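Peer 1: just the structure for this:
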Amino acid sequence: MKDERAGDSDPQWKYGIMWNESWETGHEQIDEQHKELFRLASDLIEACEQGSNVQTVDKALDFLASYVVRHFADEETLMTQSDYPAFEEHKNKHEDFKQTVAELARQFQESGSSSDLSHKINSIVIQWLITHISMLDRNLAYYVRSAGKQRSF
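Peer 2: Modelled structure (predicted):
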């Protein structure tokens, strides 16, 4: 099985976690966005670990937060178009995660970039993504495929 950093095949990648094909849902657009989320989270971790300036970390954090909102909106559109029965539960998980990212942004604004923030991003954000993708998003993609409702957003 081939592991890749989203959009980058550098085997020396050391921040965050490398994308693993086992997390693929089978919905091409969702999978591409998930890879981008891993890349963005990893870029943020790298910026924190390397002691990048405030503007660089702030920009990476803002971009991650914005991308999360866009990705969740796309998934929720797919759920609505497909009459997904677990829509409310799935959407609530999205709302919880947006709050988590907002809390990390608040911590950054208060304390700046640090190894502690980097570890929180690595343990909270990356772990949430893996769990969410492996369970909820995979179920969504399976439902869309099995119901013959394969759609794009």
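Peer 1: what about the strands in the chain?
Peer 2: For the chain, the strands defined by DSSP state E cover 3-4, 19-20.
Peer 1: state which helix of this structure is the longest.
Peer 2: Longest helix in the chain, counting residues (DSSP state H): helix 54-81.
Peer 1: lowest average confidence across the strands of the chain, which one?
Peer 2: When the strands of the chain are compared on mean pLDDT, strand 3-4 scores lowest, with a mean of 42.
Peer 1: separation between Met79 and Val69?
Peer 2: Met79 is 16 Å from Val69, where distance means C-beta to C-beta, to the nearest Å. Glycine gets a C-beta too; all of them are placed from N, C-alpha and C.
Peer 1: higher neighbour count, these two?
Peer 2: Neighbour totals were compared for Met79 and Val69, and Met79 leads with 19 against 13 (other C-beta atoms under 10 Å).
Peer 1: who's in contact with Pro85?
Peer 2: Counting by C-beta atoms under 8 Å, 6 or more residues apart in numbering, Pro85 touches Tyr143.
Peer 1: could I get the pLDDT score of it?
Peer 2: As predicted, Pro85 sits at a pLDDT of 96.
Peer 1: measure it to Asn92 for me?
Peer 2: According to C-beta to C-beta, Pro85 stands 14 Å off from Asn92.
Peer 1: isn't Trp23 right up against Ser134?
Peer 2: Yes. Under the criterion of C-beta atoms under 8 Å, Trp23 makes contact with Ser134 at 6.2 Å.
Peer 1: more neighbours: which of the two?
Peer 2: More crowded of Trp23 and Ser134, by other C-beta under 10 Å: Trp23, with 17 against 13.
Peer 1: now do the same contact list for that one.
Peer 2: Neighbouring residues of Trp23 by C-beta under 8 Å, 6+ apart: 34, 130, 133-134.
Peer 1: pipe those residues into TSV and attach distance to Met18 per row.
Peer 2: TSV is the format used below for those (distance: C-beta to C-beta, whole Å):
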residue	distance to Met18
His34	13
Ile130	12
Ile133	14
Ser134	15
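Peer 1: so which of those belong to helices?
Peer 2: Per DSSP H, the subset of the contacts of Trp23 in helices is 34, 130.
Peer 1: buried subset of the contacts of Trp23, written for PyMOL?
Peer 2: Per 16 or more other C-beta atoms under 10 Å, the buried members of the contacts of Trp23 correspond to this PyMOL selection:
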select buried, resi 34+130+133
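Peer 1: distance check, Leu40 against Tyr84.
Peer 2: Taking C-beta to C-beta as the measure, Leu40 falls 25 Å from Tyr84.
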